[in-house]
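predicted model and sequence follow; I will ask about them next.
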Amino acid sequence: MAYIVNRITLGQIKAAKSEVIYYSAQTCWWTHDSAHLCLNSARLPSDPRGGVLFEAHDVDAWFQAAEAKPDHYGKHGLAAFIAAHHLNCVVSLGDWRSTCMETWREYNALIDAAGADGV
């Protein structure tokens, strides 16, 4: 089972002033740092499960859209959104490799299981 570890906050991500947000077309995964990108079997940048990526170049607008509709992320709102960041969801407490979930429901369940609610 995956685990939410909250290694980075939304404030820290915004303070990094990244020029691009990378986000998965197939899962809820996202990151602000190109060093977090994985490679899929075709050797293309991907999420940890090999999913194809999109890029958002208007970072401020991307965050504004996310913050404008916290209900989109389910029960825990923005806490689920930040849980989907590359640094905040790991394979297990014994295996700190990043992983990702396909749905916001899964992230909300992981937050419930870990008692890790909070942005």
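Structure received.

quickly note the distance from the residue lying closest to Ala2 once chain neighbours are set aside to Leu110.
Nearest residue to Ala2 in three dimensions, chain neighbours excluded: Thr99, at 5.1 Å (C-beta to C-beta, 6 or more residues apart in numbering). For every residue, glycine as well, the C-beta is placed using N, CA and C. To Leu110, Thr99 is 10 Å away according to C-beta to C-beta, to the nearest Å.

common neighbours of these two, please.
Ala2, Cys89 (C-beta atoms under 8 Å, 6 or more residues apart in numbering).

the two: which is more packed in?
Leu110 (21 against 18; other C-beta atoms under 10 Å).

so that one: helix, strand or coil?
Three-state call for Leu110 (DSSP: H, G, I helix; E, B strand; the rest coil): helix.

hang on, it packs against Asn6?
No. Leu110 lies out of contact with Asn6 (C-beta atoms under 8 Å); the separation is 11.1 Å.

contacts for stretch 26-33 next, please.
Residues from elsewhere that reach stretch 26-33, judged by C-beta under 8 Å, 6+ apart: 13, 16, 18, 20-24, 37, 47-49, 51-52, 59, 80, 84-87, 89, 100-104, 106-107.
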